[in-house]
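*Asks:* how would this look folded up:
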Amino acid sequence: MEFYRKPVVEERPADAYCAACDTPMTGDEAALNYKLVDKKTAHILCPACLGKKLELSPETLREMITLFRKQGCTLFSPWVEE
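*Replies:* Sure, this is the predicted structure:
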C-alpha cells in the first residue's frame, strides 16, 4: 500500500502579495507563513516583512524554505535533486 499524505492547506496561492508591502511572492514564500505563523492565516508576509516580525533575516527564512522542501513538507513545492 502506498503511503499518501494529504496537503495540510488544500488551497494556497501560487503567487501571492505581501499584506504589508505588496511585494509579489512565490508559493513557497507564502507556504512559509502557513508553516511558521498559522495554517489558516490570511495575512501573508514576504520574507523581509516576516523576518522583521520574527526577528530573523530574509536569508535565514529562505534557507528554512529549502530545508522544509528537502524534508518533504507538503506545504512546499517538491524538492528536486539537481
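*Asks:* in the chain, where is pLDDT below threshold?
*Replies:* 1-15, 82 (pLDDT under 70).
*Asks:* if we go to 90?
*Replies:* Scanning the chain for pLDDT under 90 picks out 1-18, 22-27, 30, 38-43, 74-82.
*Asks:* mind checking the longest helix of it?
*Replies:* Across the chain, the longest stretch assigned as helix under DSSP state H is helix 58-71.
*Asks:* which residues of this protein fall in helices?
*Replies:* 27-36, 47-54, 58-71.
*Asks:* just these: most buried one?
*Replies:* Of all those, helix 27-36 carries the top mean neighbour count, a mean of 21, counting by mean count of other CB atoms under 10 Å. Placement of C-beta: from N, CA and C, glycine included.
*Asks:* now do that helix against helix 58-71, angle only.
*Replies:* 90 degrees (axes from the mean of the first three to the mean of the last three CA atoms, to 10 degrees).
*Asks:* now the helices of the chain as a markdown table including distance to Y17?
*Replies:* Below are the helices of the chain laid out as a markdown table (distance: least, CB to CB, whole Å):
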| stretch | distance to Y17 |
| --- | --- |
| helix 27-36 | 9 |
| helix 47-54 | 11 |
| helix 58-71 | 16 |
